[in-house]
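S.K.: got a sequence here, can you build the structure:
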Amino acid sequence: MAADEARSTPATGSSGSEGADADAIRAVSRLRIGAWIIAGVIAFGMPAIHAQFGVRSVEQLMIQENERLADRLSAIAGPAPAIWVFEDNDIRLEFEKAIGNATVDAVRLIGPDGQIRVTSGPWSGRAFFERNTEVFESGVVVASVATRRSSRPLFLSIAWTAVGSLLFAIGAFVLVTRVGVRSIERTVQKLQAARDAALRAGEARKTFLATMSHEIRTPMNGVIGMTSLLRDTPMNEQQRRYVEVIRSSGESLLRVINEILEFAKIESDRIVLEPHVFQPVVLAEEVLVLLEPLSRHKEIKLVLEAGPGVPPWVEADINRLRQVLVNLVGNAIKFSGQGAIRVRVECPAAGRLAYIVQDQGIGMSPEQIQVVFDPFVQADASTGRRFGGTGLGLAISSRLVKMMHGTLRVHSELGRGSTFTAEVQAAPALAPQGRSPSAGFEVLVGKRVLVVDDQPAEIEIVETMVRGWGMLPISETDPHAALARMAAGESAIDVAVLDCNMQGHDAQALGRRLRESNPELPLVLLSSGNGANQDAGVFNARLSKPVIDTLLRDTLRNVLTGAPTGAADMLSQSAIDGSGLAVGALSLATLRVLVAEDNAVNAMVISAMLQRLGVACDLAGNGLEAVQAVERQHYDIVFMDMQMPELDGLEATRRVRSNRALRQPFIVALTANAMIEDRERCLAAGMNDFLAKPLQLHELERCLAALTRNVGRTTPQMADGP
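M.R.: Now for the predicted structure:
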């Protein structure tokens, strides 16, 4: 109980205390009701039982007494029938003597003619107990014996029993309630103490996580940031290799830290799901684009498939689902040395969404499968040494999937790969306004597309996609056959999709030959690299593999309608290279930027990164200096560290936002506090964006590009509250 209350009220204990008090009140009420029931049973049950058994006892005694008197009468009168006329005074006297020993209040002897022969005791009024026993002789009724017994002694006995039962019931009620209430009070006090301890532990854990996040990320920002900058300076090959080792080691350490912090947040129930409407297939595409450089480095193909019935839009927590999918695909790449990794999106049931990740890697034995989702455990003791990692990724994914009312399952064979299935609850949803997936793509229906690739599996992927849009694919694995088809004019081709990496063939030469046959033919190049060395004058658009459904569809639509294709290509290339935003066209050199950072190394890192992007900046050593600098002159963007002496970043932001006379800058939190609560606090204080340390160049680039487009617009006001 205390633990549940602690989880439900992580920030304060007020609602938990109210809940405990309410539970105690309900428990006391139930106890009193139970005590009343017990007292009532005792007060009314015992007299009722006494009365029932008392009546039966009296009746039994009267039966026995009547039988005794009847037997005595028979013995006195003897077998002579004449004697039964009761004229003999001796018989009457003897019977009266027998009556004198009777245990009843009154006795009557009645003759065979119905006349009363002998009477003893009071017969006036109505008695509660009365019994008549006939005396038979040779089958003939010769007399009868009637007895009476007063009910007063029984009623008095029942009354005394009732009084005693009532007193006993009152004592039991008082005893039960007093002892029970005291027991409940002691239990509540213990639970409250346990709850308070849990709250203190939760707050201590939260503080510890935030402190560790800040204290570890701050020096990591210097290590990773400086090595990133050093990597782009003139160095010999050995120095460059050393720098790459330092950088990759720092990034590996950062991933370990992030996984530990994420796992700790999940264990302390600090994860809150945030449902969004999104496209499930597009989410898988984005993940594959993000991880394509890793798979390309190991020459592993990433293949995306969409099963039938998958809703175009669903509602779920896209960020947590992306985290799970990145983990599963990343693991598949890490533990695979060749072949392909297939990601399939399915809808196993109404309101359910499943992502299936299948690899051809090292696989697992049944014993290893049993512990694969346990935290800090890897399938094999040597796995951590061979592939790295903390063994937390799958544990985090399993818990996140469970939070989304789903399951994470695995099927694997040692040496033959693994298949992970993440199934979650995701209700179908309507497309956001203006985001209809089919709008504007009617132009693709009926168009003939020539697909040239020397890999049949790659051709099948593209064919499946274009058929889904109503296009008619014409495929060739031999470029010469494709040229012959074009030269013969067997069919009119509307657009051609060419693979860049066909063995023994030059995609540029093939593209130029196709253009000679049809100068107006739109050409799309699919490349496993970044396509930087390709002749852009030959092709209308370039896309990086893996082939992404929506990007290919957008690109084909654009090249057929003559619309610009740079957006789609930029999106793909940006995700692969990690920095594809054309910020150079946004006149960053004209921006006035202030960096508020008390750590000299971190200030040096962000200054060098900004300088690399062509942005000059001023520096402030604490929040107070930052406020004074903003008051002296206008800055377009202020990068504000959260924890600084004199004045922290939150309070400095509040002061800037509260000064209505200032032309408000865009303020970006630049902090090693990477918890979700820290982001919320920054936004509530009036900041516009949030960058976590260690700072990555492409993240800084993205932030500058996004903010530059909004320079001069009205800045949102600071939220109320501290």
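
S.K.: what's the helix or strand containing residue 394 packed up against?
M.R.: Using DSSP states H and E, residue 394 maps to helix 393-403. Packed against helix 393-403, as judged by 3 or more CB pairs under 8 Å, 6 or more residues apart in numbering; DSSP states H and E, are the following elements: helix 237-267, helix 318-334, strand 407-412, strand 418-425. Heads up, the C-betas are built off the backbone N, CA and C, glycines and all.

S.K.: phi, psi for residue 27 please.
M.R.: phi -70, psi -40 (degrees, to the nearest 10).

S.K.: report pLDDT for it.
M.R.: Residue 27 carries a pLDDT value of 71.

S.K.: who's in contact with it?
M.R.: Contacts for residue 27 were tallied using CB atoms under 8 Å, 6 or more residues apart in numbering; they are residue 184.

S.K.: distance of residue 313 from residue 287?
M.R.: 18 Å (CB to CB, to the nearest Å).

S.K.: show me which of those two is the more surrounded one.
M.R.: residue 287 (26 against 19; other CB atoms under 10 Å).

S.K.: could you pull out the helices for the stretch 601-722 of the chain?
M.R.: Along the stretch 601-722 of the chain, the segments classed as helices by DSSP state H, counting those that start in this stretch run 623-632, 649-658, 676-685, 697-708.

S.K.: again with the stretch 351-500 of the chain
M.R.: So, for the stretch 351-500 of the chain - with DSSP H, counting those that start in this stretch - the helices run 366-370, 383-387, 393-403, 456-468, 479-488.

S.K.: and what of the stretch 151-300 of the chain?
M.R.: So, for the stretch 151-300 of the chain - with DSSP H, counting those that start in this stretch - the helices run 152-231, 237-267, 280-297.

S.K.: turn those helices into a markdown table, including mean pLDDT and distance to residue 650.
M.R.: Converted to a markdown table, the helices of the stretch 151-300 of the chain look like this (pLDDT from 0 to 100; distance: least, CB to CB, whole Å):
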| stretch | mean pLDDT | distance to residue 650 |
| --- | --- | --- |
| helix 152-231 | 74 | 13 |
| helix 237-267 | 71 | 21 |
| helix 280-297 | 81 | 32 |
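
S.K.: out of those helices, nearest to residue 691?
M.R.: helix 152-231 (10.3 Å; CB to CB).

S.K.: can you state the direction angle for the closest one and helix 697-708?
M.R.: Going by axes from the mean of the first three to the mean of the last three CA atoms, to 10 degrees, helix 152-231 is angled at 100 degrees with respect to helix 697-708.

S.K.: what is helix 152-231 packed up against?
M.R.: Partner elements for helix 152-231 (3+ CB pairs under 8 Å, 6+ apart): helix 2-8, helix 14-77, helix 237-267, helix 600-612, helix 676-685.

S.K.: possible to save those helices as CSV with distance to residue 153?
M.R.: Below are the helices and strands packed on helix 152-231 laid out as CSV (distance: least, CB to CB, whole Å):
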stretch, distance to residue 153
helix 2-8, 59
helix 14-77, 9
helix 237-267, 74
helix 600-612, 101
helix 676-685, 80
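
S.K.: between those helices, which one is nearest to residue 462?
M.R.: Here helix 237-267 is closest among the helices and strands packed on helix 152-231 (CB to CB), at 34.0 Å.

S.K.: mean neighbour count and distance to residue 293 added to the helices and strands packed on helix 393-403, as a markdown table?
M.R.: Shown next, in a markdown table, are those (neighbours: other CB atoms under 10 Å; distance: least, CB to CB, whole Å):
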| stretch | mean neighbour count | distance to residue 293 |
| --- | --- | --- |
| helix 237-267 | 15 | 13 |
| helix 318-334 | 21 | 10 |
| strand 407-412 | 17 | 26 |
| strand 418-425 | 21 | 21 |
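
S.K.: between the ones you listed, which one is closest to residue 591.
M.R.: helix 237-267 (27.7 Å).

S.K.: wait, which of the helices of the stretch 151-300 of the chain is closest to residue 652?
M.R.: That would be helix 152-231 among these, by CB to CB, at 17.1 Å.

S.K.: quick one: that closest one to helix 600-612, angle?
M.R.: Using the same axes, to 10 degrees: helix 152-231 against helix 600-612 is 60 degrees.

S.K.: roughly how far out does helix 152-231 sit from the chain middle?
M.R.: Offset of helix 152-231 from its chain centre (CA atoms, centre = their mean, to the nearest Å): 25 Å.

S.K.: what is the orientation angle of it with helix 14-77?
M.R.: Going by the same axes, to 10 degrees, helix 152-231 makes 160 degrees with helix 14-77.

S.K.: by how many degrees do helix 152-231 and helix 676-685 diverge?
M.R.: Angle, helix 152-231 to helix 676-685, by the same axes, to 10 degrees: 80 degrees.

S.K.: re the thing from before, quick one: buried residues of the helix holding residue 394?
M.R.: When neighbours are counted by 16 or more other CB atoms under 10 Å, the buried residues of helix 393-403 are found to be 393-401, 403.

S.K.: select, out of the helices of the stretch 601-722 of the chain, the one closest to residue 507.
M.R.: Among those, helix 697-708 sits nearest to residue 507 (CB to CB), with 28.3 Å.

S.K.: now the closest one: mean pLDDT?
M.R.: 74.

S.K.: poorly predicted segments of the stretch 501-650 of the chain, please.
M.R.: Along the stretch 501-650 of the chain, the model assigns pLDDT under 70 to residues 504, 528-537, 563-589.

S.K.: for the residue nearest to residue 230 when sequence neighbours are not counted, give its distance to residue 603.
M.R.: Spatial nearest neighbour of residue 230, excluding adjacent residues (CB to CB, 6 or more residues apart in numbering): residue 243 at 5.4 Å. From residue 243 across to residue 603, the span is 21 Å (CB to CB).

S.K.: how about residue 349?
M.R.: 54 Å.

S.K.: settle it for me: which of these two has more neighbours?
M.R.: residue 603 (20 against 11).

S.K.: just give the closest residue to the more buried one, not the sequence neighbours.
M.R.: residue 597 (4.2 Å).

S.K.: from residue 395, how far off is residue 419?
M.R.: Residue 419 is 19 Å from residue 395, by CB to CB.

S.K.: using TSV, lay out the helices and strands packed on helix 393-403 together with distance to residue 486.
M.R.: Formatted as TSV, the helices and strands packed on helix 393-403 follow (distance: least, CB to CB, whole Å):
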stretch	distance to residue 486
helix 237-267	46
helix 318-334	38
strand 407-412	46
strand 418-425	41
